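S.K.: I'd like to go over a predicted model; first the sequence, then the structure.
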Amino acid sequence: MKLSVLLAACVAATAFAQPAPSPKLNQLEPFLGLWRCSGTAFTTPLSKEHKTRAWIHVTSELNGFWVDSEFSEDRTSENPHPNAGKVHWGFDETTQKFTGAAVDNNGGLNTPLESDGMQGDTIVWRGTAHTAAGAFATRDTFTRKSSTEIAHTGEAFLNGVWIKLDEESCRKFHFF
């Protein structure tokens, strides 16, 4: 075999090799699993304050490049229009930041999501929500309280101030 053919074959094999996910994604491993959450959705221009309960299932997807969450609040008399949606978190090698997007059952899109990663036991995601009510900045803060408990606070920047949208405490669900 000619050297040029051998080199071309090696270059082609290298060019099409599957890249590995960033090791920085390991910071998101504590979120993996099935979670049961309870909390409060606060009064906003679109809804009045009410208690919430939700299931959140977080998995590693697409060869470990993405951490996907699917969430669904319980329907109750106090919460007749429960929120549900999907969130995708990954790592952008170009910007060296965590990145993502979220969609919900109200037609909402929150993109791009961006985070600097875990700072101690806390990760803060910043984004821009696009809803029927318009676009606005968002901030979601997740704090790991233990290996089985995470707290979440969702906020929106409306009329020049940050307001709390919701606050939950989530516990990892075990079948046994």
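M.R.: The structure has been received and is ready for your questions. Numbering: from 1, shown residues only.

S.K.: How many residues are close by T76?
M.R.: 12 (other Cβ atoms under 10 Å). C-beta here means a position set from N, CA and C on the backbone, and glycine is covered the same way.

S.K.: cool, H174 as well?
M.R.: The number of residues packed near H174 is 8, by other Cβ under 10 Å.

S.K.: Same question for T111.
M.R.: T111: 15 surrounding residues under other Cβ under 10 Å.

S.K.: and N26, that's in a helix?
M.R.: Yes. According to DSSP: H, G, I helix; E, B strand; the rest coil, N26 belongs to a helix.

S.K.: That one: how many residues sit nearby?
M.R.: 12.

S.K.: Who are the contact partners of the residue lying closest to S147 once chain neighbours are set aside?
M.R.: Of all residues not flanking S147 in the chain, P30 sits nearest, at 7.0 Å (Cβ to Cβ, 6 or more residues apart in numbering). Each residue near P30 by Cβ atoms under 8 Å, 6 or more residues apart in numbering is listed here: R144, S147, I150.

S.K.: how about the strands in the protein?
M.R.: In the chain, the strands defined using DSSP state E lie at 33-41, 50-61, 66-73, 84-92, 97-104, 109-115, 122-131, 134-146, 149-158, 161-172.
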